[in-house]
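J.: Provided below are the primary sequence and the corresponding predicted coordinates.
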Amino acid sequence: MSYFQPTRPNAMPTIVKNLIIINVLFFIATLVFEGQGIDLIRYLGMFPVQSDYFMPHQVVTHMFMHGGWQHILFNMFALWMFGSPLENVWGPKRFLEFYMITGLGAAFLHQGVTAYEIYSGNYDPLLFGPVVGASGAVFGILTAFGMLYSNSLIYLYFAIPVKAKYVVSGLIIYELYRGFANNPNDNVAHFAHLGGALIAFILIKYWQRNRNHFY
């Protein structure tokens, strides 16, 4: 018996479409305000709780900010490619809940690791900079896709077919390695990615045990 109640497939379902639009609008606003000498990332990116620049709303707003064209293009492509099938089977309400919960989980794990690094005195100055991007929620989506469509083929570089479960497992192992390597020249929030993946794993396992949660 399937855990899902499939809806009619939609190449661009409602929540995925709206999330992409919101992220693009935030990115355009960042560029426009930058031209006026206003750094939106300073206000909407997420600083460590210990920073004087931290504000509570940043835990949410950082998910809609991006640091460059490649950053937003990759995240929005992954959101569309892997998020669309999930929203088609879950419906918009459940998908939005999943997206926001995994994004917040990513933020909290990153904040926790940052707090530990600061407390231990073993931190890099980059940890005091703002974190931006939908990558935590996107990693949650990738994890869910890898768990629920484990044998689906993902074409790496649009040419090499690899099963989703191997791609996702490889990405998580890579993020673990880079996170614990703590390279001072690495400005990627690897533990935010891992936080999104961890919360996604927990949610999927919980929903699979409570089948009525799939609707």
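T.: Structure's in. What do you need? Numbering: from 1, shown residues only.
J.: Which residue ranges of the protein form strands?
T.: Applying DSSP state E to the chain gives strands spanning 153-156, 160-163.
J.: between those strands, which has the poorest average model confidence?
T.: Comparing mean pLDDT across the strands of the chain, the weakest is strand 153-156, with a mean of 73.
J.: quick one, what contacts L19?
T.: L79, G83, Y99, A134 (CB atoms under 8 Å, 6 or more residues apart in numbering). In short, each C-beta sits where N, CA and C put it, glycine included.
J.: which of those residues has the most neighbours?
T.: A134 (30 neighbours; other CB atoms under 10 Å).
J.: For that one, which residues are in contact?
T.: L19, N23, M63, F64, H66, N75, M76, L79, G103.
J.: between the residues you listed, which is nearest I199?
T.: Taking CB to CB as the measure, I199 lies nearest G103 of the contacts of A134, at 8.8 Å.
J.: Distance from the worst-scoring helix or strand of the chain on mean pLDDT to the middle of the chain?
T.: Least confident element among the helices and strands of the chain, by mean pLDDT, DSSP states H and E: strand 153-156 (a mean of 73). Distance of strand 153-156 from the chain centroid (CA atoms, centre = their mean, to the nearest Å) equals 20 Å.
J.: residues making contact with it?
T.: P161, V162, K163, A164, V167.
J.: sorry, back to before: where neighbours are concerned, which of the contacts of A134 has the most?
T.: M63 (31 neighbours).
J.: now it, nearest residue through space, not along the chain?
T.: Excluding its sequence neighbours, the residue lying closest to M63 (CB to CB, 6 or more residues apart in numbering) is G103, at 4.6 Å.
J.: pretty sure that neighbour is touching G196, no?
T.: Yes: counting by CB atoms under 8 Å, G103 touches G196, with 6.6 Å between them.
J.: what's the overlap in contacts for these two?
T.: What both G103 and G196 touch, as defined by CB under 8 Å, 6+ apart, is the set G136, A137, G140.
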